[in-house]
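Undergrad: What shape does this take:
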Amino acid sequence: MKLYPLQFEPILKERIWGGTKLNTFLNKPITSNITGESWEISTVENDVSVVANGSLKGKSLNELINEFPEAVLGTKVYDQFGKQFPLLFKYLDAREDLSIQLHPNDELAKKRHNSFGKTEMWYVMQADTDARLIVGFKEKSSPEEYIKNSNNKTLLTILDTKKVKQGDVFMLDTGTIHAIGAGIVIAEIQQTSDITYRVYDFDRVDANGKTRELHIDLALKALNYEKIQAQRFYSKTENIANELVNCNYFTTNFIPLDGNIEIHKNQTSFTVYMCVEGDFKLTFDNESYSYKKGDTVLIPAAITDFQLSGKASILEIYIS
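TA: Numbering: from 1, shown residues only. Here you go, the predicted structure:
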């Protein structure tokens, strides 16, 4: 079976804080005006991506990995993770503030939930005027201060906020308390995990008048109480891969494409491209594939030589 660049049907998620920008800004086929997330590539249980293009259309990503593990994942990724796809790719539209939350590390997530932890990064695709993120504590905190402010509903007073604009990048190590603020569209790259500890939700209620569950006690041991620097600053040199994040779980580069570039890979890892602005073509084996803003494509590891052409801003993600 010949592998080729793979796109998947978006898995759309209603969220209490979601809106309509996934359609108006990214052209996703939403059916609800509270759509908060588009899961672009996922093997989370009950949310496994299905191929949307070409001869493999209709097959799940898990099926492909079972049939062609090294060809899809790459030799290094397969050695490290077996037949597990280790990353999850999303677009998020925050019409309202998300809950204040954090994610456990690998050790805690394995022990409590038999799951990976959830290290993640954000690329801001669009931000309304004065939109902001919450990332970490203003100053070094402690379990006692966290509990006191949680009980008093004053948690916001000890958290750090950042005004954001298009192109801003944040790296969120596990344990980092955070929230995406209203009026922001984000591309998110994360470990394959859906474990979130919600610690404050602005006292919101759903359509049935119910508040969402909080996990204040679970978060106690998972939190990083240190003051952190989550924002990443990077160069934007045209037609090369400018590094945004290089961590144990993934590497993400920013490619400002204007013209043509040749890409050469070595079969150790799959590569994912997320188009965050403009449009481009990928040419492989004398065939061209077209992508626009909001598209996400998985390049199986067996595909090592191809060309990108067009005018676009692209996130390139792989495991190094």
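
Undergrad: Which strands and helices lie in contact with the strand or helix carrying Leu308?
TA: Element membership for Leu308 (DSSP states H and E) is strand 305-318. When contacts are defined as 3 or more Cβ pairs under 8 Å, 6 or more residues apart in numbering; DSSP states H and E, strand 305-318 packs onto strand 184-191, strand 251-264, strand 271-284. Placement of C-beta: from N, CA and C, glycine included.

Undergrad: Pipe those strands into CSV and attach mean pLDDT per row.
TA: Formatted as CSV, these follow (pLDDT from 0 to 100):
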stretch, mean pLDDT
strand 184-191, 98
strand 251-264, 98
strand 271-284, 98
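
Undergrad: how about the strands in the stretch 101-250 of the chain?
TA: Remark: strands assigned in the stretch 101-250 of the chain by DSSP state E, counting those that start in this stretch are 120-127, 132-137, 159-163, 169-172, 178-180, 184-191, 197-200, 231-232, 242-246.

Undergrad: So which of these is nearest Ser313?
TA: Closest to Ser313 of the strands of the stretch 101-250 of the chain is strand 120-127 (Cβ to Cβ; 9.2 Å).

Undergrad: What residue, apart from its backbone neighbours, is nearest Ser313 spatially?
TA: Nearest residue to Ser313 in three dimensions, chain neighbours excluded: Glu277, at 3.8 Å (Cβ to Cβ, 6 or more residues apart in numbering).

Undergrad: Looks like the one you found contacts Lys293 (just checking).
TA: Yes - if you go by Cβ atoms under 8 Å, Glu277 and Lys293 touch, sitting 5.7 Å apart.

Undergrad: quick one on the thing from earlier: please tabulate the strands of the stretch 101-250 of the chain in a markdown table, including the columns distance to Arg212 and mean neighbour count.
TA: Output for the strands of the stretch 101-250 of the chain, formatted as a markdown table (distance: least, Cβ to Cβ, whole Å; neighbours: other Cβ atoms under 10 Å):
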| stretch | distance to Arg212 | mean neighbour count |
| --- | --- | --- |
| strand 120-127 | 20 | 23 |
| strand 132-137 | 17 | 23 |
| strand 159-163 | 19 | 15 |
| strand 169-172 | 20 | 22 |
| strand 178-180 | 13 | 25 |
| strand 184-191 | 20 | 23 |
| strand 197-200 | 6 | 22 |
| strand 231-232 | 28 | 16 |
| strand 242-246 | 30 | 16 |
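
Undergrad: can you list those in CSV and add distance to Leu298?
TA: Shown next, in CSV, are the strands of the stretch 101-250 of the chain (distance: least, Cβ to Cβ, whole Å):
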stretch, distance to Leu298
strand 120-127, 18
strand 132-137, 28
strand 159-163, 31
strand 169-172, 21
strand 178-180, 25
strand 184-191, 13
strand 197-200, 29
strand 231-232, 24
strand 242-246, 19
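
Undergrad: Tell me which of the ones you listed sits nearest to Ser49.
TA: strand 184-191 (14.6 Å).
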